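K.L.:
This is a predicted model, with the sequence first.
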Amino acid sequence: MTLMEVKNVQRVFGKGESEFIALNDVSLTIEKGESVAIIGKSGSGKSTLMHILALLDRPTKGKIILDGKDVTQIKEKQLNHVRNQQFGFVFKQFFMNAKDSVLDNVTLPLKISSVPAKRRKELAMKALQQVDLAEKAKSKANDLSGGQKQRVCVARAIINQPQVIFADEPTGNLDSTTGERIENLLFDLNQSQGITLIIVTHDEDLAARCDRKIRMRDGKIIEEVK
């Protein structure tokens, strides 16, 4: 079943002599529950494509269809609601409030959604148990190792039971052993819960674990491999 369609999307930055076409007439379809790797060298357009897919940026031209609805022109408030309810994010940079507790960092999406405090804590503890960090709930984020911080980010990404997890170089700041643990965690969520997994990566080994690889160059998709 189709989750998302990208139709003839172009993303242009700047004007005149400084104009840069980051995405050039890109079209693709993403199915519910699949894992997709978007790969390419720096400047290929892979991160721009992920930002468009995640509704963090709007295309200059073209359409984004999510669950059969055109979300290209919807208002920012609606976009924020869709992202918060349907998407989870895991980035190479952890984007955590270092002085807050692990629990507070994980519950942030629910706080934005005005979920009551008791329910926030229940869901956060469940998410932390899934990433084997329940015992760190009261710890300050600043006191965690890199691998633990990334697991907290995964817990934060799944607390809303999202349809999609977007992961941008999720193991980029981790050693190989810790990185493999994060990979296993993401693919387990994909396979056991049916969460669609979209990964931007330079890592060919990580990309090979996905159902499909989308290779980009100069703002265009040059290859799709299943």
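P.N.:
Looks like it arrived, so ask away. All values reported here derive from a predicted model rather than from experimental measurement. Residues are numbered from 1 along each chain as shown.

K.L.:
Tell me which helix or strand the residue nearest to residue 11 when sequence neighbours are not counted sits in.
P.N.:
Closest residue in space to residue 11, ignoring its immediate chain neighbours: residue 23 at 4.1 Å, by CB to CB, 6 or more residues apart in numbering. Glycine gets a C-beta too; all of them are placed from N, C-alpha and C. Residue 23 belongs to strand 20-31 when assigned by DSSP states H and E.

K.L.:
Contacts for that strand next, please.
P.N.:
1-14, 36, 45, 48-49, 52-53, 59, 62, 196, 198, 214, 218-221, 224 (CB atoms under 8 Å, 6 or more residues apart in numbering).

K.L.:
and it, how far out from the chain's middle?
P.N.:
17 Å (CA atoms, centre = their mean, to the nearest Å).

K.L.:
Sheet partners, orientation included, of whatever helix or strand comes next after it?
P.N.:
Next helix or strand after strand 20-31 toward the C-terminus (DSSP H and E): strand 35-39. Strand partners for strand 35-39, identified by DSSP bridges, are recorded as strand 196-201 (parallel), strand 212-217 (parallel).

K.L.:
Just the mean pLDDT for strand 35-39, thanks.
P.N.:
For strand 35-39, the mean per-residue pLDDT is 97.

K.L.:
so how far is that strand off the chain centroid?
P.N.:
11 Å.

K.L.:
And for stretch 35-43?
P.N.:
Chain-centre distance of stretch 35-43: 13 Å, with CA atoms, centre = their mean.

K.L.:
Would you mind putting the strands paired with strand 35-39 into TSV with mean neighbour count alongside?
P.N.:
As requested, those are exported to TSV (neighbours: other CB atoms under 10 Å):
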stretch	mean neighbour count
strand 196-201	25
strand 212-217	19
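
K.L.:
export those strands to a markdown table and tack on mean pLDDT?
P.N.:
Formatted as a markdown table, the strands paired with strand 35-39 follow (pLDDT from 0 to 100):
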| stretch | mean pLDDT |
| --- | --- |
| strand 196-201 | 96 |
| strand 212-217 | 96 |
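
K.L.:
For residue 138, find the nearest of those strands.
P.N.:
In terms of CB to CB, the element of the strands paired with strand 35-39 nearest to residue 138 is strand 196-201, at 29.9 Å.
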